[in-house]
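Engineer: Predicted model and sequence follow; I will ask about them next.
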Amino acid sequence: MNQKMKFREDGTFTIIQFTDVHWMDGLETDIRSKEVMETVLNTEDADLVVFTGDLIYPTKDCTTDPATLMKQAVESVASRGIPWAYIFGNHDTEHHITRSELIEAVMAEAHSMTQRGPEEIAGEGNYVIEIGGQSGDAEAALYFMDSGSYSCLPGVKGYDWIRRNQIDWYVEQSNALADRSGRRVPSLAFFHIPLPEYDEVWSKGQCFGHKLENVCCPKVNTGLFAAMVEQGDVMGTFCGHDHLNDYWGEWHGIRLCYGRATGLNTYGREEFPHGARVIRLQEGTPGFQSWIRLENGEKIEQTAAGLE
C-alpha cells in the first residue's frame, strides 16, 4: 500500500532534500551538521523532508548503535513533526547493522513515511508516496529506490546499481497509477548513487550549478533512465553521493538533479558551503521549481552555467 500525502490548500507541496549527513557519534562536526539542517528547516516550510542516503556513517570502531545514530540524525526533523522519508546510501550499513535492521528502526521513528517495500525485489526501501490533490486523487507521486552499496560481481568494480527487478517494479507502479488516474501521474524519483546519465548530461547537455568532482556512478547501466523516459511520468530525479556536485541538467525531458551535501563529517571544500536542495510542486502545473538553500540561509537559484 502506497503512502499518501496531500497538497496544501494553496496547491503547493515543498520537499527539502538532505543528503550525505554522515552522522557519526555526536561529534562537533555532527553538531555543525545539525545546525545546517536547523537553518534550512527554519527558512523553508517543508511538507516533507527526504534523506537521500548516507544519513549515518557507522565506522568499524563506532561504539554507538547505528539505530541510535539514526535517531540523533533525524531529530531536528522529527521533533518538528515534519513527515520524512529515507533511502539507503552506501555507508549507512557498512558496520554493525544490516539494511533490514536499520529500515525497521527508521520505520518505527516518529513521522517517518519510509516503507520496506516488496521483499521479492532488490534492496530495502523501494516505495511510493502519492500526493493527493484537493479532490483526493493522486496528482503527483514520489518514487524511492535503494541504489545499493558496492558491486558484488567479479570483474565489475565500483558502486552498485538499481537492479532490473526494481525497474520492473517502478514500471508496474507507474502503470497502476496511470490506470487509476486515467493519465500518467507527474512524478519525482529519489535514490543515492547517481545514474550514468548524470555524467552524460554534464558532458553533452546544458547544466546549472557545480561539478567539482567526478560522477561516481555505477559501471553498469541497467536502464532505469530509459524506463522513466518511456513511461513519461518522471519529471526529475534526485541523488546525493558526490559531495562536491550540486548541478542539474535536463536530459530527454527529465531533470537530473544532485542535492547539496548536508553533513560535515566527510570530504568537502571550504568554499563550497553545505546545505540542502528544495523542491516545490504546484498542483495542476507541469514541472517543479528547485533551488539550493545554504547553511547561512542564502538561496541559490542555479541559473548560471555549470562550473567545473
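Structural biologist: It's in.
Engineer: can we go C-alpha only for contacts and neighbour counts from here?
Structural biologist: Noted.
Engineer: Distance of the residue minimising distance to the centre of the chain relative to residue 277?
Structural biologist: Nearest to the mean C-alpha position of the chain, counting by CA atoms, centre = their mean, stands residue 52 at 3.2 Å. From residue 52 over to residue 277 the distance is 11 Å, taken as CA to CA, to the nearest Å.
Engineer: shared neighbours of the two, anything?
Structural biologist: 17, 18 (CA atoms under 8 Å, 6 or more residues apart in numbering).
Engineer: re the thing from before, could you check how far the residue nearest to the centre of the chain is from residue 287?
Structural biologist: With CA to CA as the criterion, residue 52 and residue 287 are 21 Å apart.
Engineer: same check, this time on residue 172
Structural biologist: Residue 172 is 22 Å from residue 287, by CA to CA.
Engineer: which of those two has more neighbours?
Structural biologist: Shown here are residue 172 and residue 287; by other CA atoms under 10 Å, residue 287 has more neighbours (18 against 12).
Engineer: Could you check how far that one is from residue 141?
Structural biologist: 12 Å.
Engineer: Overlap in contacts, those two.
Structural biologist: residue 186.
Engineer: quick one, phi psi at the closest residue to residue 52 other than its chain neighbours?
Structural biologist: Leaving out its chain neighbours, the residue that sits closest to residue 52 by CA to CA, 6 or more residues apart in numbering is residue 19, at 4.9 Å. Per-residue torsions, residue 19: phi -140, psi 150 (degrees, to the nearest 10).
Engineer: What is the longest helix of this protein by residue count?
Structural biologist: In the chain, taking DSSP state H as the definition, the longest helix is helix 164-181.
Engineer: avg pLDDT for whatever helix or strand comes next after it?
Structural biologist: Per DSSP states H and E, helix 164-181 leads on to strand 187-190 as the next helix or strand towards the C-terminus. If you average the pLDDT over strand 187-190, you get 98.
Engineer: Next: stretch 289-297.
Structural biologist: Here the average pLDDT along stretch 289-297 is 97.
Engineer: What residues sit buried inside it?
Structural biologist: Neighbour counts over stretch 289-297 (16 or more other CA atoms under 10 Å) mark 290, 291, 292, 293, 294, 295, 297 as buried.
Engineer: need the contact list for the second one.
Structural biologist: Which is residue 291. 277, 278, 279, 299, 300, 301, 302.
Engineer: Tell me the most packed of these, by neighbour count.
Structural biologist: residue 277 (26 neighbours).
Engineer: What residue, apart from its backbone neighbours, is nearest that residue spatially?
Structural biologist: residue 292 (4.6 Å).
Engineer: The one you found: which element?
Structural biologist: Going by DSSP H and E, residue 292 is in strand 289-294.
Engineer: re the thing from before, contacts for the longest helix of the chain next, please.
Structural biologist: Here helix 164-181 makes contact (CA under 8 Å, 6+ apart) with 121-122, 126, 137-138, 143, 145, 184-185, 222-224, 227, 231, 233.
Engineer: Tell me the one among those residues nearest to residue 34.
Structural biologist: Lowest distance from residue 34 to the contacts of helix 164-181 (CA to CA) belongs to residue 145, with 25.2 Å.
Engineer: Look up the pLDDT of residue 101 for me, please.
Structural biologist: 97.
Engineer: For it, grab the count of nearby residues.
Structural biologist: 13.
Engineer: how close does the closest residue to residue 162 other than its chain neighbours get to residue 60?
Structural biologist: Using CA to CA, 6+ apart and skipping the chain neighbours, the partner closest in space to residue 162 is residue 147 (4.9 Å). For residue 147, the distance to residue 60 (CA to CA) stands at 22 Å.
Engineer: between these two, who's got more neighbours?
Structural biologist: Comparing residue 147 with residue 60 by neighbour count (other CA under 10 Å), the higher total belongs to residue 147, at 30 against 9.
Engineer: That one in helix, strand or coil?
Structural biologist: coil (DSSP: H, G, I helix; E, B strand; the rest coil).
Engineer: Going along the chain, name the strands of the stretch 201-308 of the chain.
Structural biologist: Using DSSP state E, counting those that start in this stretch, the strands of the stretch 201-308 of the chain run over residues 207-208, 234-239, 248-251, 254-258, 275-282, 289-294, 299-300.
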